[in-house]
Each structure stands twice: as structure tokens, then as C-alpha cells.
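> Sequence plus predicted model, see below.
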Amino acid sequence: MTMRAARPAAIAMLLLGAAASSTAFAQGRPLRLIVPFPPGPGVDLIARTVSEQLSTTLGRTVVVDNRPGAGSVIGVDLAAKSPADGNTLLFTNLAYAINAAMVAKLPYDPLRDLAPVTVVATQPHMLVVNPSLPVKTVRDLVALANGRPGEITYASSGVGTGPQLVAEMFSTAVGVRMNHIPYKGANPALADVVGGHAQLMFATLVSSLPQVQAGRLRAVAVTSDKRSRHVPEVPTMIESGLPGFEAVGWFMVMAPARTPAPVMSRLQVALAEALAQPAVRDRLTGDGAEVVASRPDEARRFLEAEIQRWGTVVKSAGLRRE
């Protein structure tokens, strides 16, 4: 059989496969949403907020399946190897892009084995300092760190997490050297900045805002390209003299690669409808996030840019995990 003769048959098979997958998706069986993190606050809470409304929008049950482990790699791998019929989705975050650069041997290809459905929301980090530190602006911090190289300590929620990499990105951008103190989570890290055991942190807005509002931490700058509605008085890093400095956390829904385009489109529309509901939008914005609800093609471009961005930071910081 020639290649030209085979082409119509191949197209027919693809159409049949897509139709079968679309039918399977429409049958109304429970949709599994894999969250590669443990139950509790953070990613899981946002995933559950979205999943509850998505269930209403789709008219079918959405079951959250927590599969934590290996910095989210275990749950992501499970989603990557699931059938591409739209009945299994992944709810992930910035760790997905960081792992693409930092983990030496991933069991999946981050750009080929999973396909973005939508960017759910983004959330800036906020540079916060202990009030005893004589720092009110980014310029103050750069001057202080230059005068005391290696003495200024910053906390993070762990090696290879967003807060550490944003701090590394900052150090590279301004040419200063600071001492990293990793913790097992954002709460103990912030507690030690409040207590003065570490001097600063690039924390998520939602985790650091209560401490700033209580006067236990001082906000210096946010890492988004625009000011946050929650702290409109706090300048961006760009406004503070670092052109192009943008580093946001984010949440994304993905599907196994080769999920049929009609199913991807239906999922994206349903998610956009869910995210437009006041209860969902208010919950996300209340946590310091900005709802996005992008199209699959927009989400893919965003993911590719994020993997490139954090790959550069990881390489510069010399981070690697087996």
C-alpha cells in the first residue's frame, strides 16, 4: 500500500478514535482530577474549589484524587499514563515547570506526554522582610546585601521550590549573594522570618499577606507585572528598578497527550464557565490569585515559556535532583 493510499485510511482511523473518545467522555462517568499534592491548604484547596463547580458545569461527578510524592512527580506520571479520553485530568502548579528543569530523569516528557487545557490562575510572590531589617525598598536590600555579602539570610519552603528559585532569580538579577535556609513548608519558613531567625522571604501572597497586615512582616515588592489589588501600595519588582522581573506562581489543568481536540475544547469551556462563577472567582481572588482561564494554545505557550524561564534559573543556581 502506498503512502498516498494509506492516508485516507489513517485519517478515518483517527476520526473514529476521536469519536470514540468523545463518546466515552460524554457518557457521564466520574471524571478523575489528579492532584499531585497531599490534601489540605494550597493547591489541593484550590483544586477542590474548581472541581466542585466543574462538576455542576459538566453535569457529572468530579473526583479529586490526591497522589503526592517525589515533589509532585508521582501524581503527574500517573496522569501522563492515563487514557487520553478526557476522563482523567491533572491539576498542577509551578512545580511542574521547575521539575522539568531540575529532576534529572523524569518518567514522563513534560511537553509531550501531557497537554495544557487551561491556566486556571496566577499568583505573585511578595518580597517580605523582618521589620528589624533596615530595608524598605529593593534598592535598600541590594545595598545592604552588597555591603554584607553572604550574611543576609532568606527562607524558603524547601530546596527547589518557587520561593527559593524566585530568590535565586533575584540574586542573579542584582548580583548579590544571600544565604539560603530551606524549611519544610511555607508556614515554618514565614514563622522564622517573623521570629528573626531568617531575614527575608519571597513568599506567596496568600501565605504572607496576613503577617504583613498584622505588622509582623514588611512588604517590599511583588513579583507580578502589575501591582496586586490586595496590596496596591506595594510596588512591583519592575517598578523597583528590575526591568522584566516577573515570577508568578500558577495553577493549570492538563490532560493526557492525544486527548481529542473536541474533548479538550469542551473541557476548556467548562472550566472557563466554572471559573467565571462568583463563588469560585471570589475564593481565588481572596487568596491573592488572578483568574486566567486561557485557551489550550495560550496555556501551552505559557507553559513552554515557564519551563524555559525556570530552566535558566535552575541551571544558574546549580540545582539538580535525581
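Looks like it came in fine. This is a predicted model, so every value here is computed, not measured. Numbering: from 1, shown residues only.

> From now on I want contacts and neighbour counts done on CA atoms only, so please keep to that.
Noted.

> any idea how far the lengthiest strand in the chain is from the chain center?
Taking DSSP state E as the criterion, the chain has its longest strand at strand 114-129. With CA atoms, centre = their mean, to the nearest Å as the basis, strand 114-129 stands 4 Å off its chain's centre.

> what lines up beside that strand in the sheet?
strand 200-204 (antiparallel), strand 218-222 (antiparallel), strand 248-256 (antiparallel), strand 290-291 (antiparallel) (DSSP bridges).

> model confidence over the first one, on average?
The predicted model gives strand 200-204 an average pLDDT of 95.

> Phe202 and Pro163, how far apart?
Distance, Phe202 to Pro163, by CA to CA, to the nearest Å: 5 Å.

> higher neighbour count, the two?
Phe202 (29 against 26; other CA atoms under 10 Å).

> burial of the closest residue to the more buried one other than its chain neighbours, as a residue count?
If the residues on either side of it in the chain are set aside, Phe202 comes closest to Leu127, at 4.5 Å by CA to CA, 6 or more residues apart in numbering. The local packing of Leu127 (other CA under 10 Å) involves 27 other residues.

> dump the residue contacts of Leu127.
Residues in contact with Leu127 (CA atoms under 8 Å, 6 or more residues apart in numbering) are Leu200, Met201, Phe202, Ala203, Ala219, Val220, Ala221, Val222, Thr223.

> can you redo those residues as a markdown table with distance to Lys81?
Formatted as a markdown table, the contacts of Leu127 follow (distance: CA to CA, whole Å):
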| residue | distance to Lys81 |
| --- | --- |
| Leu200 | 40 |
| Met201 | 37 |
| Phe202 | 34 |
| Ala203 | 33 |
| Ala219 | 43 |
| Val220 | 43 |
| Ala221 | 41 |
| Val222 | 37 |
| Thr223 | 35 |
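
> so which of the residues you listed would you say is closest to Ala155?
Closest approach to Ala155 among the contacts of Leu127 (CA to CA): Met201, at 5.2 Å.

> Now list whatever residues contact both of Phe202 and Pro163.
Contact with both Phe202 and Pro163 is made by residues His125, Ser156, according to CA under 8 Å, 6+ apart.

> before we move on, back to that, in the helix or strand following the longest strand of the chain, which residues are buried?
Once the chain leaves strand 114-129, the next helix or strand it forms, by DSSP states H and E, is helix 138-147. Buried residues in helix 138-147, counting neighbours by 16 or more other CA atoms under 10 Å, are found at Val138, Leu141, Val142, Leu144, Ala145, Asn146.

> and the residue nearest to Phe202, how far is that from Ala189?
From Leu127 across to Ala189, the span is 13 Å (CA to CA).

> next one: Trp250
20 Å.

> what does Arg300 give?
The separation that Arg300 has from Ala189, given CA to CA, amounts to 32 Å.
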